[in-house]
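Asker: Starting from these lines, generate the structure:
(chains A, B, C and D)
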Protein chains: 2
Amino acid sequence: MARATLKSASKTSSASPPARLEQGAATADFRPLYRQVKDMLVARIADGTWTPDKAIPNEFELAADIGVSQGTVRKALDELANENLLVRYQGRGTFVASHDEARILFQFFKLAPDSGDKIFPESTILQVGQIAAPRATAQALALEPSAAVIRIRRLRSLAGRPAIVETILLPAARFAGLTDAPIPNNLYQLYAAKFGVRIGRAQERLKAVALTARDARDLGTAAQTPALMIDRIAYGLDGRAIEHRISICLTQDIHYLSDLK
Amino acid sequence: MARATLKSASKTSSASPPARLEQGAATADFRPLYRQVKDMLVARIADGTWTPDKAIPNEFELAADIGVSQGTVRKALDELANENLLVRYQGRGTFVASHDEARILFQFFKLAPDSGDKIFPESTILQVGQIAAPRATAQALALEPSAAVIRIRRLRSLAGRPAIVETILLPAARFAGLTDAPIPNNLYQLYAAKFGVRIGRAQERLKAVALTARDARDLGTAAQTPALMIDRIAYGLDGRAIEHRISICLTQDIHYLSDLK
DNA sequence: TAGTGGTCTAGACCACACA
DNA sequence: GTGTGGTCTAGACCACTAA
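Answerer: Below is the predicted model:
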């Protein structure tokens, strides 16, 4: 069988609706099968077909549905697990990765105390409102020059000590009504649960800055103190930029951990 | 065939010395075959059996040598390629990854200009000498409390502007004679070529600090300026800590880029 | 044209979780 | 016990590189 073509012969298919790969007849699509399978699976994760609380269909069911071999599905599943979109448990099944605290701590929160284990920071909301997108944010999120964005400012504490002042910027159009309810500590879980937006990856740019008077006041320390500025853009499963977040961190007793492999 | 056991029947073997996996008869070693193959391959990379300038044996040769199937060797090779220890080129072969500038830029050097592409920094040596290991260094490199270490201090420039003051600490025992010759810009290549030490991964801890008078002078700016401190420990292929490096970076025009996936 | 890695398939058996 | 993912094998064909 040629690469990137699908057999049209029907196999014994389950009762669930068929979901076979379509090979564009005119448009040449020479991507490997397992890639196409991967994209199909990502789409199902993104659209909420599967949820973290229930195992997704097993390898053979998926293979039969899609019309490829189990080995090809496995390759797609393994890569998705590698990218932290799925979690696989031998004997139990394969699950959509949830944004629980453990995962966030592992994947998205790189600050750790100099001594001791990583802990999830507590948060206190300082300010919530809607503004015209600052230029950098509009660019980061690919919004029109002064599109409306929700701005959340909060203070985060590590082991009881104020350590981070964080400004979160979100496109108002996509997150309408977010400010109506109390803002939880774990935002990515909220995005997924209330807005159907799953964060898949993020990119952070770090600089050293001097604390502004305002940030210093919120953190309870002196202005001009050196602080770590983390400028994060978080992306959804479809690759679109979702959230712009700027964190100002005191690093006397904590550090940012980066693994180079 | 049972998991993690090797057939002893001899296959058609090449002229090269046999290198079959040994299954500890008394000690239970239940690690998957492809893991054992991986370790064997890492050992050959580490000991210099293979060099970056020549392709390693192909999958079938390795499989025959070791006594497993080609698919198992492939799994090991793919993982090593994923970890940046090998590079695979379709049609050409599989190569040991070299510490050339492109790889270092991609894997180990996370600083980039705010605008423009990544570039390899130039270096000027400020100081070279041998000292008793500072406590933090002795701990980082698992050395005895005041073992001798080589210390290199250098100034690095990005796009012609001084941006980084770097202190590199190396165990004198392992790097004897390093200071006899000129110190090149690309240190990891030197470690591999002259001392048989290949760096496989590193861990960086970042903090914001105020520039000391001395660092400020070397960087040509004012003391107390906020700067990014990067505290790196680099590890060899055997997992042992090799190098301790502390970089002080001006981040007015550059940033540290961290991908969270 | 020969040799390499890349993809895909089919089937076997093992290890683990859970009822 | 049953069902899941994990490992291993064997073989086919494709795509790319270099001589």
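Asker: From the chain's centroid, how far away is the helix or strand bottoming out on mean pLDDT in chain A?
Answerer: Every helix and strand of chain A was ranked by mean pLDDT, DSSP states H and E. The lowest is helix A:101-107, at a mean of 93. Chain-centre distance of helix A:101-107: 11 Å, with CA atoms, centre = their mean, to the nearest Å.
Asker: can you pull the buried residues of that helix?
Answerer: Across helix A:101-107, burial judged by 16 or more other CB atoms under 10 Å in any protein chain shown covers A:Arg103, A:Ile104, A:Leu105, A:Gln107. No exception for glycine: its C-beta is placed from N, CA and C like everyone else's.
Asker: for stretch A:179-189, same thing?
Answerer: Per 16+ other CB under 10 Å, stretch A:179-189 contains these buried residues: A:Thr179, A:Leu187, A:Tyr188, A:Gln189.
Asker: ends of that stretch, how far apart?
Answerer: Terminal residues of stretch A:179-189 are spaced 15 Å apart (CA to CA, to the nearest Å).
Asker: how about that stretch, does it reach chain B?
Answerer: No. Counting by CB under 8 Å from any CB of the partner chain, chain B is not contacted by stretch A:179-189; separation bottoms out at 11.5 Å.
Asker: what's next to that stretch, contact-wise?
Answerer: A:98-101, A:104, A:108, A:120-123, A:125, A:128-130, A:150, A:152, A:154, A:168, A:190, A:199, A:234, A:243 (CB atoms under 8 Å, 6 or more residues apart in numbering or on different chains).
Asker: Nearest to B:Glu204 among the buried residues of stretch A:179-189?
Answerer: Closest approach between those and B:Glu204, by CB to CB: A:Tyr188, at 24.5 Å.
Asker: if I look at that closest one, how far off is DNA strand D?
Answerer: Counting by CB to the nearest atom of the strand, to the nearest Å, the gap from A:Tyr188 to DNA strand D is 24 Å.
Asker: How far off centre is the helix or strand hosting that residue?
Answerer: In the assignment (DSSP states H and E), A:Tyr188 maps to helix A:187-195. Taking CA atoms, centre = their mean, the mean C-alpha location of helix A:187-195 is offset from the chain mean by 10 Å.
Asker: if you average pLDDT over that helix, what comes out?
Answerer: For helix A:187-195, the mean pLDDT works out to 96.
Asker: Against A:Glu166, how distant is A:Ala138?
Answerer: Distance of A:Ala138 to A:Glu166, computed by CB to CB, to the nearest Å: 19 Å.
Asker: Now do the same contact list for the residue positioned nearest the centre of chain A.
Answerer: Central residue of chain A (CA atoms, centre = their mean): A:Ile199, 2.0 Å from the mean position. Counting by CB under 8 Å, 6+ apart, A:Ile199 makes contact with A:His99, A:Phe108, A:Tyr188, A:Tyr191, A:Ala192, A:Ala234, A:Tyr235, A:Gly236, A:Ile242, A:Glu243.
Asker: Ok, A:Arg161 next?
Answerer: Taking CB under 8 Å, 6+ apart, one finds A:Asp253 in contact with A:Arg161.
Asker: How far does stretch A:69-84 sit from its chain's centre?
Answerer: 19 Å.
Asker: what does stretch A:224-238 give?
Answerer: 14 Å.
Asker: repeat for stretch A:40-60
Answerer: A distance of 16 Å separates the centroid of the chain from that of stretch A:40-60, by CA atoms, centre = their mean.
Asker: now stretch A:169-184
Answerer: Computed by CA atoms, centre = their mean, the chain-centroid distance of stretch A:169-184 equals 17 Å.
Asker: how long is it end to end?
Answerer: End-to-end span of stretch A:169-184 (CA to CA): 15 Å.
Asker: Same question for stretch A:152-167.
Answerer: Per CA to CA, the first residue of stretch A:152-167 is 6 Å away from its last.
Asker: do the same with stretch A:135-155
Answerer: For stretch A:135-155, the end-to-end distance is 24 Å (CA to CA).
Asker: Tell me if it is near chain B.
Answerer: No. Using CB under 8 Å from any CB, stretch A:135-155 stays clear of chain B, coming no nearer than 11.1 Å.
Asker: Return the set of buried residues in that stretch.
Answerer: A:Thr137, A:Ala138, A:Ala140, A:Leu141, A:Leu143, A:Val149, A:Ile150, A:Arg151, A:Ile152, A:Arg153, A:Arg154, A:Leu155.
Asker: check contacts around the second one.
Answerer: Pointing back at A:Ala138 there. Taking CB under 8 Å, 6+ apart as the test, what A:Ala138 contacts is A:Glu144, A:Pro145, A:Ser146, A:Ala147.
Asker: So for A:Gly71, what's the pLDDT?
Answerer: pLDDT, A:Gly71: 97.
Asker: Mind telling me what element it is part of?
Answerer: Element membership of A:Gly71 [criterion: DSSP H and E] is helix A:70-82.
Asker: ok and that helix relative to helix B:70-82, angle-wise?
Answerer: 20 degrees (axes from the mean of the first three to the mean of the last three CA atoms, to 10 degrees).
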